[in-house]
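>>> What follows is a predicted protein model with its sequence.
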Amino acid sequence: MKDLKTFLVLAMLVALALTASATPSTEDEMVVAGDDETFDVPHREDEKQTSLRGSSRFLAQKPRATMTCDKYPRVCRTKESPGPDCCKKKCVNVMTDKLNCGVCGKKCKFPEICCKGQCVNPRSNKRHCGGCNNKCKKGSSCTYGMCSYA
């Protein structure tokens, strides 16, 4: 029991020492860039420290404003964008999006999907049987999302 108390006290002292040694001083910091190059980096007084360990410059930066399509409509036209249309500050494709089918805010019901901007039931629609643009052959029907099931 005595050894356990001693161990806990030592662990707390080590943690306190590490915390105190990691806190940067208020003087100018020196940053070494390698190959014997040294640069003076002044400590900013207007930066607020948010942790006991000090603030990293990377973590202390204010988050950049995200580019939303309501202010920058061209954001939706990039290659990585989910769609070319802007609905409620999000890029979507109104031709295939179940929550914005055809126009912003038009939601498809539970079993329906959005095909070419219209809500359709893929379990029974002949033109979209099982998925968009999957047409059943002439004379066959769409049942349970399959053409000519029975």
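Yep, that arrived.

>>> okay, and for this structure, where does confidence drop off?
21-65, 150 (pLDDT under 70).

>>> how about the strands in it?
Defined through DSSP state E, the strands belonging to the chain, from first to last, are 29-34, 37-41, 85-87, 90-92, 113-115, 118-120, 142-143, 146-147.

>>> Only C-alpha atoms, please: export the longest helix seen in the chain in CSV.
In the chain, taking DSSP state H as the definition, the longest helix is helix 2-22. Backbone C-alpha positions of helix 2-22 (Å, rounded to 0.1, in the frame of the first residue of the first chain) are rendered in CSV as follows:
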residue,chain,number,x,y,z
LYS,A,2,2.9,2.3,0.9
ASP,A,3,4.5,1.6,-2.5
LEU,A,4,1.3,2.4,-4.4
LYS,A,5,1.0,5.8,-2.7
THR,A,6,4.7,6.5,-3.5
PHE,A,7,4.2,5.5,-7.1
LEU,A,8,1.1,7.7,-7.5
VAL,A,9,2.9,10.7,-5.9
LEU,A,10,5.9,10.2,-8.2
ALA,A,11,3.6,9.9,-11.3
MET,A,12,1.9,13.1,-10.4
LEU,A,13,5.2,15.0,-9.9
VAL,A,14,6.4,13.7,-13.3
ALA,A,15,3.2,14.8,-15.0
LEU,A,16,3.5,18.3,-13.4
ALA,A,17,7.1,18.6,-14.4
LEU,A,18,6.3,17.7,-18.0
THR,A,19,3.4,20.2,-18.1
ALA,A,20,5.6,23.0,-16.7
SER,A,21,8.5,22.2,-19.1
ALA,A,22,6.2,22.2,-22.2
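
>>> what packs against it?
In this structure, helix 2-22 makes packing contacts with no helix or strand, judged by 3 or more C-beta pairs under 8 Å, 6 or more residues apart in numbering; DSSP states H and E. C-betas here are computed from N, CA, C, even on glycine.

>>> For that helix, which residues meet the burial criterion?
Buried residues in helix 2-22, counting neighbours by 16 or more other C-beta atoms under 10 Å, are absent.

>>> C87 against N100, yeah?
Yes. Using C-beta atoms under 8 Å, C87 makes contact with N100 at a distance of 4.6 Å.

>>> So for the two, which residues contact both of them?
When contacts are counted by C-beta atoms under 8 Å, 6 or more residues apart in numbering, C87 and N100 have V94 as shared neighbours.
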